[in-house]
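Undergrad: This is a predicted model, with the sequence first.
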Amino acid sequence: MTDDVPKIELHLHLEGAAPPAFIKGLAQEKSIRLDGVFSENGSYAFTGFEQFLRTYEAATSVLKTPEDYARLTRAVLEQSAEQGVIYTEAFLSPDFCGGRDVGAWREYLAAMQEAAAGMRNEAGIVLRGVVTCIRHFGPEKARETALCAAETAGDFITGFGIAGDEMAGKPADFAYSFDMAREAGLELTAHAGEWGGASSVRDALRDLKPTRIGHGVQVIDDPVLVDHLIETGVTLEVCPGSNIALGVYPSWDKHPIETLRSAGVRVTVSTDDPPFFHTTLRREYDRLADTFGWDDEIVREVNRTAAQAAFCDPETRAELL
Ligand code: ADE
Ligand code: ZN
């Protein structure tokens, strides 16, 4: 229905977008046993958010070399291009790419960047990287991650963010890392308001000063904060299928994305970790059309919002708008 609208995806975890068959194949090649990662039908196995994070990290453990990440980047971008995506931002984690050592990180990055350049030529899809620290790994590791980000900020690495368990620590613990990234010229996003309520978004905005919030949907419980988002133009990277698969909301019709959008909040649509949640970007838009009557005009508006909030240079943005 909305297939002719070119899509922009702002919230995609690179490892979280790995098809199960890709991870399984790599594990076989390397003779690595992956216990408990897959269910009998071959999909990723987990119930609930904590187990999701464990499964995610176990699956990621087979990705060991820059070449593995190059292959993953190609597989993920191929998948996104098939969904009509023309521009995507991926969360990249030095924690998994060389253990936050800047020299090793540069090697992983070079491999991912080269793969992305190839996919731009082959499929016309553009990738930018958002270096992401992991909240439950703690503030010290986040500082090392921020250093990796600051040292490699440029045309490809354009943003810095935080993901992981939102209930671990508090945003202020990560302010130093966000300050370092901002000073290096990176744009900022923070996962908040997926699990931690509206107050978690308030704290993240105050202490980390991002222009975008990953998820952020729980602001719906705080009308004053909703007004603040509208006034300041903070953009939400909303991932409805992820929220429903993880049990943040019980069903599509209970999801607040349409209430937020129609109130004037800048909302965008992404898949987060699509194979984990049995979703694709097309499926997200189909469900939004079925549930809330989203037509081409709304889909165009949401993708225009994404282009305006993208962490890219003005020339790239002009091509997306
Ligand atoms: N890492 C991958 N997916 C995530 C999510 N939905 N929330 C927090 N961290 C994540
Ligand atoms: Zn996420």
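TA: Structure's in. What do you need? Please read all numbers here as calculations on a predicted model, not as lab measurements. Ligands and ions are numbered 1, 2, ... in the order given.

Undergrad: Show me what counts as buried in stretch 138-152.
TA: Judged by neighbour count using 16 or more other CB atoms under 10 Å, the buried positions of stretch 138-152 are 139, 141-142, 144-152. (Each C-beta comes from the backbone N, C-alpha and C, glycine too.)

Undergrad: Just flag the most distant two among these.
TA: 139 and 152 (20.4 Å; CB to CB).

Undergrad: returning to what we had before: tabulate the buried residues of stretch 138-152 in CSV, adding columns for distance to residue 27, secondary structure and pLDDT.
TA: Below are the buried residues of stretch 138-152 laid out as CSV (distance: CB to CB, whole Å; DSSP: H, G, I helix; E, B strand; the rest coil; pLDDT from 0 to 100):
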residue, distance to residue 27, secondary structure, pLDDT
139, 32, helix, 98
141, 25, helix, 98
142, 29, helix, 98
144, 27, helix, 98
145, 26, helix, 98
146, 31, helix, 98
147, 31, helix, 98
148, 26, helix, 98
149, 29, helix, 98
150, 33, helix, 98
151, 31, helix, 98
152, 29, helix, 98
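
Undergrad: For ligand 1, tell me which of those show up nearby.
TA: Subset of the buried residues of stretch 138-152 in contact with ligand 1: empty, counting by CB under 6 Å from any ligand atom.

Undergrad: Could you point out which of these is nearest to residue 74?
TA: Using CB to CB, residue 152 comes nearest to residue 74 of the buried residues of stretch 138-152, at 20.3 Å.

Undergrad: Quick check: residue 112 vs ligand 1, distance?
TA: 17 Å (CB to the nearest ligand atom, to the nearest Å).

Undergrad: mind checking how far the residue of the chain at minimum distance from ligand 1 is from residue 302?
TA: With CB to the nearest ligand atom as the measure, residue 163 is the residue of the chain nearest to ligand 1, at 3.7 Å. Counting by CB to CB, to the nearest Å, the gap from residue 163 to residue 302 is 22 Å.

Undergrad: try residue 105
TA: To residue 302, residue 105 is 33 Å away according to CB to CB.

Undergrad: Could you report the neighbour count for residue 162?
TA: Each residue near residue 162 was counted by other CB atoms under 10 Å, and the total is 27.

Undergrad: So it sits against residue 208, correct?
TA: Yes: Residue 162 lies in contact with residue 208 (CB atoms under 8 Å); the separation is 7.4 Å.

Undergrad: Now the common contact residues for those two.
TA: 174, 178, 190 (CB atoms under 8 Å, 6 or more residues apart in numbering).
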